[in-house]
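In: Return a 3D structure for these sequence lines:
(one chain, ligands or ions: 1)
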Amino acid sequence: MSEAFRALVLDQTDKNVSAEFKNLTIDDLPDGEVLVKVRWSTLNYKDGMILNGQGRLVRNYPHVPGVDFAGEVVSSTDTRYKPGDEVILTGWRVGESHWGGYGQFASVKADWLVPLPGGLDASQAMAIGTAGFTAMLAVMALENQGVSADQDGEVLVTGAAGGVGSVAVSILSSLGYRVAASTGRAETHQYLRDLGANTIIDRNDLTDTSKPLLTERWLGAIDSVGSTTLAHVLSEMKYNGVVAACGLAGGPDLPATVIPFLLRGVRLIGIDSVMCPYETRLAAWQRLTCELPKDQLEAATTKIALSDILPWGEKILKGQVKGRLLVDVQDC
Ligand code: NDP
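Out: Residues are numbered from 1 along each chain as shown. Predicted coordinates for the structure are as follows:
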């Protein structure tokens, strides 16, 4: 089969990454068990890094980026999938070490796919995408450690107006938690209240790392910022509080001490959506179908054409994107 299609192709010369929209054919795709016609992808923070050649996430060029996608199976050598099945993919280093969702066709391993959950259409599933899936994993991690909505206290979400943060605020609120949303952008305060935040915290109020323990404030926290923000949040956790660490939008360092762990029994749980096992994936997608209000998902989603993605890749690295960016891959 040699159908032609459009894709964003990254290349590297002298450590400089360049991006160009090209016509490819199915024969150009890497080996895979399932050929998928890609309908939707998204722009996550990691995509922004990849588009801008940051973090050495891509080792081999030329490369088609896009860390997640939703689409329809065209052909499959694996009996779990047949032509016409709707599928979603997040993680497994697709869009990093394997060509991803910024092409109109993708060839992938069957194990990497999840059937589109009943109750979501493909555009809703991708509006959730990697960031929303990660937010749900973070909520599940808090619950696995004993955090529940009937306990006294607020759950803090940092980087709240971003992709992971917006979905986390929305899920927590719909589950009945009291939610504090931290943001650096005043213009997003009403947006975050509409998603269900009870309290808005200025990002600058979460930067003091001079003391290992501060007044106890948070029952749980979902952090996508890292660095001084995460260090500060650790020092404000209530006794036995749980922090789900998702990201590093503020930097990869962690200028913290062990004191919150020793004297307050604080637990710090890392969230990895990339290599997450299949059963956990299914459970998370099932919960996203039931527990994430669809009207809020829509309010948190901006649709863009694949052909417009490059400037958005720069914006997300500057913290200028609100909520989720759904990419129309056929619009290219
Ligand atoms: P977004 O850019 O959509 O959101 C990040 C948010 O963090 C911004 O909107 C901003 O929120 C805040 N922020 C940005 N820069 C800074 C800064 N310098 N200091 C403090 N706050 C800042 O990204 P995503 O939500 O897609 O991803 C967030 C992080 O989570 C990334 O590091 C990403 O790589 C990681 N991630 C990890 C996954 C995993 O499996 N562990 C999966 C998905 C994402 P505001 O304007 O509200 O302050």
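In: interface residues of the chain facing the ligand?
Out: Residues of the chain found near the ligand (C-beta under 6 Å from any ligand atom) are 44-46, 130-131, 134, 159-165, 183-185, 188, 203, 224-225, 229, 246-250, 271-274, 316, 319, 321. For glycine as for every other residue, the C-beta is placed from the backbone atoms N, C-alpha and C.
In: Now list the buried members of the residues you listed.
Out: 44-46, 130-131, 134, 159-165, 183-185, 188, 203, 224-225, 229, 246-250, 271, 273, 316, 319, 321 (16 or more other C-beta atoms under 10 Å).
In: Would you mind confirming that residue 130 makes contact with residue 68?
Out: Yes: proximity of residue 130 to residue 68 meets the contact threshold set by C-beta atoms under 8 Å, at 4.6 Å.
In: Quickly list what's touching both of these two.
Out: Jointly contacting residue 130 and residue 68 under the rule C-beta atoms under 8 Å, 6 or more residues apart in numbering are 42, 44, 90-91.
In: now, which of those lie within strands?
Out: Among the shared contacts of residue 130 and residue 68, DSSP state E puts 42, 90 in strands.
In: Which members of the shared contacts of residue 130 and residue 68 are the farthest-apart pair?
Out: 42 and 91 (12.7 Å; C-beta to C-beta).
In: what residues do these two have in common as contacts?
Out: Counting by C-beta under 8 Å, 6+ apart, the common neighbours of residue 42 and residue 91 are 68, 130.
In: Distance of residue 150 relative to residue 221?
Out: In this view, residue 150 and residue 221 are 18 Å apart by C-beta to C-beta, to the nearest Å.
In: who are the neighbours in contact with the residue nearest the centre of the chain?
Out: The centroid of the chain falls nearest to residue 131 when counting by C-alpha atoms, centre = their mean (1.6 Å). Counting by C-beta under 8 Å, 6+ apart, residue 131 touches 42, 44-45, 162-164, 167, 324.
In: Over to residue 329?
Out: Listed by C-beta under 8 Å, 6+ apart, the contact partners of residue 329 are 38-41, 66, 69, 71, 101-104, 306.
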